[in-house]
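K.L.:
Any chance you can model this:
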Amino acid sequence: MAVFPSKKYRSTADASSFASKYRATMAKHPFLLFGLPFISVIVGASFVLTPATAIRYERQDRRVRQLTTEEELGVGKAGRKVNLKDEYYRLAAKDLDDWEQRRVKRLPGEHDGIIDP
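P.N.:
The predicted structure is shown next:
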């Protein structure tokens, strides 16, 4: 029985072309065909995506920025000036001994926390 060679037959005209040399090189060094393009895409994508992520975080920083003390006091109000002594005396003048505890009305179907015996 005849033994078939493992190498494919290529004519002499085909063996000297650029495509055949390229195919032979790729067969010997598969990293050039698969590994190098993969690593190039990963490294290139990191350079491309870095500015995109920076824009995302900058937009969030603009949305959630820290307020100064004056802005905190003025949020939702007309910007009333607060004097610490006046606030202390206003709270001290309130009658804190005369108060009544009231239950909060619950929504329909919401558990009210009362345990039935």
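
K.L.:
In contact with Leu107, which residues are there?
P.N.:
With contact set as Cβ atoms under 8 Å, 6 or more residues apart in numbering, Leu107 has no partners. For glycine as for every other residue, the C-beta is placed from the backbone atoms N, C-alpha and C.

K.L.:
And the average pLDDT for stretch 99-115 is what?
P.N.:
Mean per-residue pLDDT for stretch 99-115: 84.

K.L.:
Report the separation between the two terminal residues of that stretch.
P.N.:
Criterion Cα to Cα, to the nearest Å; first-to-last residue distance in stretch 99-115 is 26 Å.

K.L.:
Tell me the buried residues in it?
P.N.:
Judged by neighbour count (16 or more other Cβ atoms under 10 Å), stretch 99-115 contains no buried residues.

K.L.:
show me where pLDDT drops low in the protein?
P.N.:
1-2, 5, 9-15, 67-80, 117 (pLDDT under 70).

K.L.:
show me where it has helices.
P.N.:
12-15, 18-28, 30, 36-63, 69-74, 84-92 (DSSP state H).

K.L.:
of those, which approaches Arg106 most closely?
P.N.:
helix 84-92 (30.6 Å; Cβ to Cβ).

K.L.:
Which neighbouring elements make contact with the closest one?
P.N.:
Using 3 or more Cβ pairs under 8 Å, 6 or more residues apart in numbering; DSSP states H and E as the contact test, no helix or strand touches helix 84-92.
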